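Visitor: Just need the structure, nothing else, for what follows:
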Amino acid sequence: MAFGKDHELHQRRFGRNLWVGACLLGFVAIVFGLTVVKVTRDGPIEGFDHTVRPQMTEGAK
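Guide: Numbers count the residues shown, from 1 in each chain. Below you'll find the predicted structure:
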């Protein structure tokens with residue numbers, strides 16, 4: 001069974017869906033990039049262990 005030609009409405013909707021998908025992918029890429037930069041900016045990640053560490057006080061730097 002062969003499919004008929006798409007209606008003009010379906011072609012416009014497909015074009016809009018591509019743009020929405022591209023914008024969403026771009027937004028996800030920006031958020032991921034900012035997350036990577038924020039996590040790797042200050043060196044190794046230190047976990048929060050509910051103790052005071054000299055590295056975290058203002059006078060240590």
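Visitor: only C-alpha atoms for contact and neighbour calcs from this point on.
Guide: Will do.
Visitor: number of nearby residues for His10?
Guide: Neighbour count for His10, taken as other Cα atoms under 10 Å: 10.
Visitor: Please report the distance of Thr35 from Gly21.
Guide: Counting by Cα to Cα, to the nearest Å, the gap from Thr35 to Gly21 is 21 Å.
Visitor: again, but for Phe32
Guide: Taking Cα to Cα, one finds Phe32 at 16 Å from Gly21.
Visitor: With Glu58 instead?
Guide: Distance from Glu58 to Gly21, counting by Cα to Cα: 45 Å.
Visitor: if I look at Gln55, how far off is Val31?
Guide: For Gln55, the distance to Val31 equals 28 Å [Cα to Cα].
Visitor: Who are the packing partners of the helix or strand containing Arg16?
Guide: Element membership for Arg16, per DSSP states H and E: helix 8-40. Applying 3 or more Cα pairs under 8 Å, 6 or more residues apart in numbering; DSSP states H and E, one finds that helix 8-40 contacts no other helix or strand.
Visitor: Glu58 and Gly21: which has the busier surroundings?
Guide: Neighbours were counted for Glu58 and for Gly21 using other Cα under 10 Å; Gly21 has more, 12 against 7.
Visitor: Tell me who's in contact with the more buried one.
Guide: Neighbouring residues of Gly21 by Cα atoms under 8 Å, 6 or more residues apart in numbering: there are none.
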